[in-house]
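*Asks:* Output the structure for:
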Amino acid sequence: MQTTLLSIAIALILTLVAALVGPLLIDWGNYRPLIEAEASRIVGAGVHVTGAIDGRLLPSPRLTLHDVTVGQGAEALRAGELTIQFALTPLMRGDWQAEEMRLSQPQMTLGVDAAGHVLAPKLAFGFEPEALTVERLQVEGGKVVLEDAANATALTLDNIFFNGRARSLIGPFNGSGSLTAAGEHYSIDLAAGRYGDGSVKLHLGLQPTDHPFSIDTDGTLSFEDGKPKFEGNLSLGPPPGLARQAKPWHVRGKVTAGARAALLQNLQFVYGEESEALKLSGSVRLDIGKTPSLSAELTTARLDLDRMLAGADGARPTPAEALRKFAQWSGGAAFVSAIPIEIGLSVNEVVLGGASLQNFGGDFNSVDGGWNLQKLEFRAPGFSQVAL
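*Replies:* Numbers count the residues shown, from 1 in each chain. I've put the predicted structure just below:
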C-alpha cells in the first residue's frame with residue numbers, strides 16, 4: 001500500500017515538474033504561424049508577431065507576444081508586448097476568462113477624412129466577443145495620433161495609461177488612467193456599455209493636472225455611414241476639493257458633437273455664491289475645420305457689476321472704475337483664446353454705479369491679446385437710448 005501511494009506521489013511530482021520545466025524547453029517560436037493564424041481569425045484582421053513568443057502553463061496559463069502588429073498600413077495597431085494570463089479553472093470548463101491582459105507601448109493612428117468619415121483599424125471578431133472576459137485590463141505607454149484631413153492637423157495623445165476591466169471584447173468596460181496631450185497631463189475616468197447597433201453608451205471624466213477644472217460627460221456615441229456622433233450631457237467645473245477653496249462655478253448643458261462641429265445647448269453657467277451668482281444661459285457652437293472658430297449666444301436677466309467688482313471691504317466702484325476693472329478682468333491672459341471667438345450677450349438689467357441699465361446688448365469678438373467690442377446698446381437712466 002505504501003509503495004503504491006509513494007508511486008502516485010512521485011508521478012504527481014514528475015507531472016508538476018514537467019509542467020513547470022516543459023515550457024522552458026519548448027521553442028514557442030515554432031508555433032508562430034499557428035498563433036498568428038488563430039489570432040487573425042479571432043480579430044478579423046491580419047496579426048503578425050515579429051518578436052519573441054513566451055509561454056507557461058503553471059500556476060496559470062500565460063502567453064506573451066512581442067512586437068505585435070494588427071492590420072496593415074497607416075491604420076495598423078502596433079504593440080511592443082501583449083501578455084494574456086488565463087484563469088486555469090474556468091479554462092478547464094471551456095470558459096475564456098483572462099485574469100490579466102496587459103498591452104505595452106501600443107501605437108495607432110485614428111483619422112477623419114475630408115467628408116468626416118472615421119479612419120481606423122477594421123476588426124471583425126471571428127468568435128462571440130462575450131466569450132472572453134478580462135478581469136484586469138492594463139495599457140501602458142500608449143500613443144494615439146488623431147489626424148484631421150480637412151485641415152491637415154494632428155493631435156498626439158501620449159503616455160497613455162489605463163487600468164480597468166472588460167466583460168467582453170465589445171464591452172461593457174470601465175477603468176481609469178492618464179494621458180498627455182499638447183504638453184498637458186490629464187487624468188481620465190472611462191466607462192462604456194456594450195457596443196451594438198452602431199452605438200455605445202459612454203461616460204468620460206477628464207481633469208487636467210495644471211488647471212482648476214474637470215469635465216464630465218455622459219451620452220451615446222454612434223456611427224452612421226462611418227461618421228461619429230455624440231449626444232449627451234456635459235458638465236464642467238472645479239474639482240470637489242478646490243470648489244470649497246474658491247468661488248463656486250459650473251457649466252452644464254446638452255452637447256451634440258460630430259467630426260466637424262460641436263453644439264452645446266441649454267447652457268447654464270453659474271459663477272459665485274447662489275445669492276449673488278452670475279447666471280448665464282444660451283448656446284455655444286464650436287466649428288472644427290480648416291479655420292476652427294467658436295460662437296456663443298448668452299443671456300441673463302440681471303448682471304450686478306457693482307456687487308461682482310466690489311472691494312474686500314464691500315465698497316462698490318464708480319462706473320468708470322467698474323468698467324476699467326471689468327475690461328482688465330475680461331482681457332486677462334486666462335481669457336485669451338487660440339481660435340477666433342464671437343459672443344453675443346443680452347442682459348435685461350445691468351446694475352452699474354447704483355443705477356440700472358435696461359435692455360443691455362453687446363457683440364464681442366476675440367483679437368490678439370484681448371477682446372474687441374463690435375456693438376453695444378442699452379437704455380440708460382432717464383430713458384436715454386445709447387448705442388456704441
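*Asks:* any weak-confidence spans in this structure?
*Replies:* Scanning the chain for pLDDT under 70 picks out the ranges 1-28, 91-96, 125-127, 131, 240-246, 275, 326-337.
*Asks:* same for whichever strand or helix holds L202, what does it pack against?
*Replies:* If you go by DSSP states H and E, L202 is part of strand 199-208. With contacts taken as 3 or more Cβ pairs under 8 Å, 6 or more residues apart in numbering; DSSP states H and E, strand 199-208 sits against strand 184-192, strand 214-224. In this view, the C-beta of every residue, glycine as well, is placed from N, C-alpha and C.
*Asks:* Distance from the first one to the middle of the chain?
*Replies:* When C-alpha coordinates are averaged (Cα atoms, centre = their mean, to the nearest Å), strand 184-192 and its chain have centres 6 Å apart.
*Asks:* tell me the angle of it relative to strand 214-224?
*Replies:* Here strand 184-192 points in a direction 50 degrees away from that of strand 214-224 (axes from the mean of the first three to the mean of the last three Cα atoms, to 10 degrees).
*Asks:* Strand 184-192: partners in the sheet, and parallel or antiparallel?
*Replies:* Using DSSP bridges, strand 184-192 pairs in its sheet with strand 173-181 (antiparallel), strand 199-208 (antiparallel).
*Asks:* Can you list the buried residues in the strand holding L202?
*Replies:* Applying a neighbour-count criterion of 16 or more other Cβ atoms under 10 Å, one finds 199-202, 204-207 buried in strand 199-208.
*Asks:* again, but for stretch 281-300
*Replies:* Buried residues in stretch 281-300, counted by 16+ other Cβ under 10 Å: 282-288, 293-294, 296, 298-300.
*Asks:* Tell me which two in those are the farthest apart.
*Replies:* Farthest apart among these by Cβ to Cβ are I288 and T300. That separation is 27.9 Å.
*Asks:* mind listing the helices in the stretch 251-388 of the chain by residue range?
*Replies:* 305-308, 319-330 (DSSP state H, counting those that start in this stretch).
*Asks:* Would you indicate which residues of the first one are buried?
*Replies:* It stands for helix 305-308. 305-306, 308.
*Asks:* which residues touch stretch 313-329?
*Replies:* Identification of contacts with stretch 313-329 by Cβ atoms under 8 Å, 6 or more residues apart in numbering yields 305-307, 309-311, 352-354.
*Asks:* re the thing from before, between the helices and strands packed on strand 199-208, which gets nearest to A120?
*Replies:* strand 214-224 (10.0 Å).
*Asks:* Neighbouring strands of that closest one in the sheet, and parallel or not?
*Replies:* strand 199-208 (antiparallel), strand 227-237 (antiparallel).
*Asks:* how about these in a markdown table, adding distance to P61?
*Replies:* Formatted as a markdown table, those follow (distance: least, Cβ to Cβ, whole Å):
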| stretch | distance to P61 |
| --- | --- |
| strand 199-208 | 31 |
| strand 227-237 | 38 |
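*Asks:* okay if I get the strands paired with strand 184-192 as CSV plus distance to G141?
*Replies:* As requested, the strands paired with strand 184-192 are arranged in CSV below (distance: least, Cβ to Cβ, whole Å):
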stretch, distance to G141
strand 173-181, 11
strand 199-208, 20
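*Asks:* For V139, which of these is the nearest?
*Replies:* V139 sits nearest to strand 173-181 of all the strands paired with strand 184-192, at 7.2 Å, using Cβ to Cβ.
*Asks:* Next, the buried residues of the helix or strand harbouring G111.
*Replies:* Per DSSP H and E, G111 falls inside strand 107-112. Buried residues in strand 107-112, counted by 16+ other Cβ under 10 Å: 107-109, 111-112.
*Asks:* I'd like to know which elements whatever helix or strand comes next after that strand is packed against.
*Replies:* As assigned by DSSP H and E, the chain's next helix or strand after strand 107-112 is strand 118-119. Counting contacts by 3+ Cβ pairs under 8 Å, 6+ apart, strand 118-119 packs against strand 107-112.
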